[in-house]
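A.B. asks: just to be clear, the model below is a prediction. Sequence and coordinates:
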Amino acid sequence: MRRSSRIGCVLLAALALLLPTAAAQAAEPPDPRFGIVETTANSQAAAEAGAGYTRIILRWDVIQPGGPADWKPANVPDPVVAAELAAGREVVGLLIGTPAWASADGSETARAVPDMAAWEAFTRRMAQHYAGRINTWVIWNEPDVWMAEHPGKTWDGTEADYALLLKTAYRAIKGVDPSLTVLVAGMTYYWDWEHGRRRYLDRLLEIIAADPEAAAEGYFFDGVVYHLYFNPGQTVDVLEETRASLARYGITGKSIWINETNAPPSDDPQELPWSEPRFSVSLDEQAAFVLQEFALAFSHGAERVEFYKLRNSADHPESIEPFGLLRGDDSPRPAFQAYRTATTHLGGFRSAVHEQRGDINAVTFDRGDETTTVLWTDGTAPLQIRVAAIAAEAMFVDERGNAQPISPVDGFYTVVLPAATCSNAPNCFIGGAPRLLVEQGAANGRTALVESTVSAPEPSTVAERVERPASILWPAWKLLRLE
């Protein structure tokens, strides 16, 4: 048996390696693949979380409200952008909102299809104005929301109208600097999925691929964006379906970003109760979602993953989903700690590989001289499992970052995975609290999971897990209303 004094020494030494000093963290920029929306709400907390990029909304109807000669770029003040960049975070710009004077059909709604000459001039000027500061541009937001009366509807045009909007912006922005990145608008996916419709992306790609000029110009986009909520497992399906759609039209070399994701809780006792939660999600389940979403998204090919959002409004009304990693008073939720755990132990990864055996998931992140394995069960009973070891010792880390040393026996670690609590029974789409094994050394293709697994004591009695809940997994309200 190992003596307690040795365990204490090992723990202190390992924590010194795993939790770098503030000076070291400041000197090392955050991984730009890990994002948070609205980091400007609390820049210090965003830095503590380890966010590497953020998204800002730049509304055309606010920047040029009076006509083409009007120019009010204070929609997002330059000092705000400068502060984000100084903190080491990349800034992604989202362009949206047609001013009344630029509407193609004379309507005065910001959802209107714009006059393309005016749109071209605006997007070119934005790329010029933010040259060297914003290198990635998202063209509009959630055009797949088709219900006219829904507050989230932002686009009154057809898929063909959007294809022209994208083409025009792509040419204007690339004309300023060919190295700039242009992304398709973030799509919800679930609006079509819920109603059995052919996916918006597939309909859009068919139109773009039919353009005789598209292939020579990269099909007028560099990447696809999705906004995916509540169900980490379904993220895998969306990524696979997206790659299949691109391949169907012979389109290669495109990245896939998840620019919004979260599972907003319905039970936070420290804030006003959410009056009409779409799903029941506990604070602990939101924290579990953070690590599961990062693990599955990155291991299945997502280029970047961004959480919506950093902080709730201080006076957020009961009708708005409480997305924040922070509450309105800036106090951290467990999800904030889970996000920090992810960036601390997954940041800088070179590759991520997902293994699944029954309800057990293992995602191995190769970080060069260090390997982090994220483990959880989707089942409703705790499980004791064995994991193949890389090193003679590891740190065993929970979703909140608490760490303790663990040693393998005969080449295997024995760990217990908490059960999925399934607050939303019978639709259970978030697994149990993840556990991380952090080892020195490279994985070198190791298979983490071994065959023998047994139920841990005190099995859970919650309802059976359902793989794909038959409900639209999209937030009811996200305050990007265009009228």
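C.D. replies: Here it is on my side, so go on. Numbering: from 1, shown residues only.

A.B. asks: neighbouring contacts of stretch 191-201?
C.D. replies: 143-147, 159, 184, 187, 189, 224, 241-242, 245, 471-472, 474 (C-beta atoms under 8 Å, 6 or more residues apart in numbering). For every residue, glycine as well, the C-beta is placed using N, CA and C.

A.B. asks: quick one, strands of the stretch 251-400 of the chain?
C.D. replies: For the stretch 251-400 of the chain, the strands defined by DSSP state E, counting those that start in this stretch cover 255-262, 304-307, 351-357, 360-366, 370-377, 383-388, 394-398.

A.B. asks: now whatever helix or strand comes next after the last one - C-alpha only, CSV.
C.D. replies: Per DSSP states H and E, the first helix or strand lying C-terminal to strand 394-398 is strand 403-406. Output of strand 403-406 as CSV, limited to C-alpha atoms (Å, rounded to 0.1, in the frame of the first residue of the first chain):
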residue,chain,number,x,y,z
ALA,A,403,-8.0,16.3,-8.9
GLN,A,404,-6.4,13.4,-7.1
PRO,A,405,-3.6,11.0,-8.1
ILE,A,406,-4.5,7.5,-9.3
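
A.B. asks: average pLDDT for strand 403-406?
C.D. replies: Strand 403-406 comes out with an average pLDDT of 98.

A.B. asks: ok, back up a step: got the strands of the stretch 251-400 of the chain as JSON lines, with mean pLDDT and mean neighbour count columns?
C.D. replies: Putting the strands of the stretch 251-400 of the chain into JSON lines (pLDDT from 0 to 100; neighbours: other C-beta atoms under 10 Å) gives the following:
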{"stretch": "strand 255-262", "mean pLDDT": "99", "mean neighbour count": "24"}
{"stretch": "strand 304-307", "mean pLDDT": "99", "mean neighbour count": "25"}
{"stretch": "strand 351-357", "mean pLDDT": "98", "mean neighbour count": "15"}
{"stretch": "strand 360-366", "mean pLDDT": "98", "mean neighbour count": "24"}
{"stretch": "strand 370-377", "mean pLDDT": "99", "mean neighbour count": "26"}
{"stretch": "strand 383-388", "mean pLDDT": "97", "mean neighbour count": "20"}
{"stretch": "strand 394-398", "mean pLDDT": "99", "mean neighbour count": "21"}
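
A.B. asks: let me have these in TSV, extended by distance to A443.
C.D. replies: Shown next, in TSV, are those (distance: least, C-beta to C-beta, whole Å):
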stretch	distance to A443
strand 255-262	24
strand 304-307	21
strand 351-357	8
strand 360-366	5
strand 370-377	5
strand 383-388	10
strand 394-398	12
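
A.B. asks: any weak-confidence spans in the stretch 1-150 of the chain?
C.D. replies: Filtered on pLDDT under 70, the stretch 1-150 of the chain yields the residue ranges 1-27.

A.B. asks: can you map out the strands along it?
C.D. replies: 34-36, 53-59, 90-96, 134-141.

A.B. asks: could you double-check that I360 lies in contact with A381?
C.D. replies: No. Between I360 and A381 there is no contact under C-beta atoms under 8 Å: 11.5 Å.

A.B. asks: what is in contact with the two at once?
C.D. replies: By C-beta under 8 Å, 6+ apart, no residue touches both I360 and A381.

A.B. asks: so what's S103 closest to, chain neighbours aside?
C.D. replies: The shortest distance from S103 to any non-neighbouring residue, by C-beta to C-beta, 6 or more residues apart in numbering, is to A112 (4.1 Å).

A.B. asks: can you count the residues close to the one you found?
C.D. replies: By other C-beta atoms under 10 Å, 23 other residues sit near A112.

A.B. asks: quick check: it vs H150, distance?
C.D. replies: From A112 across to H150, the span is 17 Å (C-beta to C-beta, to the nearest Å).

A.B. asks: what do you get for A297?
C.D. replies: 26 Å.

A.B. asks: what's the PyMOL line that selects buried ones from the contacts of stretch 191-201?
C.D. replies: Only the buried members of these enter the following PyMOL selection, criterion being 16 or more other C-beta atoms under 10 Å:
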select buried, resi 143+144+145+159+184+187+189+224+242+245+472+474
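
A.B. asks: now, the contacts of stretch 191-201 that are in helices?
C.D. replies: 159, 241-242, 245 (DSSP state H).

A.B. asks: report the distance from stretch 64-79 to the chain centre.
C.D. replies: Taking C-alpha atoms, centre = their mean, to the nearest Å, the mean C-alpha location of stretch 64-79 is offset from the chain mean by 29 Å.

A.B. asks: let the chain start at 28 from now.
C.D. replies: That works, and once the first residue is 28, the last one we named lands at stretch 91-106.

A.B. asks: before we move on, back to that, quick one, which of A324 and H177 is more surrounded?
C.D. replies: For A324 versus H177, the count of surrounding residues by other C-beta under 10 Å is larger for A324: 27 against 14.

A.B. asks: list the contacts of that one.
C.D. replies: The contact partners of A324, by C-beta under 8 Å, 6+ apart, come to 259, 262, 266, 285, 288, 332.

A.B. asks: repeat that for 10 Å
C.D. replies: A324 is in contact with 60, 253, 255, 259, 262-263, 265-266, 283-285, 288, 330-332, 379, 390, counting by C-beta atoms under 10 Å, 6 or more residues apart in numbering.

A.B. asks: just say which of the strands of the stretch 28-177 of the chain is most tucked in.
C.D. replies: strand 61-63 (a mean of 26; mean count of other C-beta atoms under 10 Å).

A.B. asks: elements contacting that one?
C.D. replies: When contacts are defined as 3 or more C-beta pairs under 10 Å, 6 or more residues apart in numbering; DSSP states H and E, strand 61-63 sits against helix 70-76, strand 80-86, strand 282-289, strand 331-334, helix 361-373.

A.B. asks: give me the residues contacting the first one.
C.D. replies: Okay, so that is helix 70-76. Outside helix 70-76, the residues touching it (C-beta under 10 Å, 6+ apart) are 49, 52-53, 57, 61-63, 65-67, 69, 78-79, 81, 107, 110-111, 113-116, 334, 337-338, 352-353, 357, 359, 362-371.
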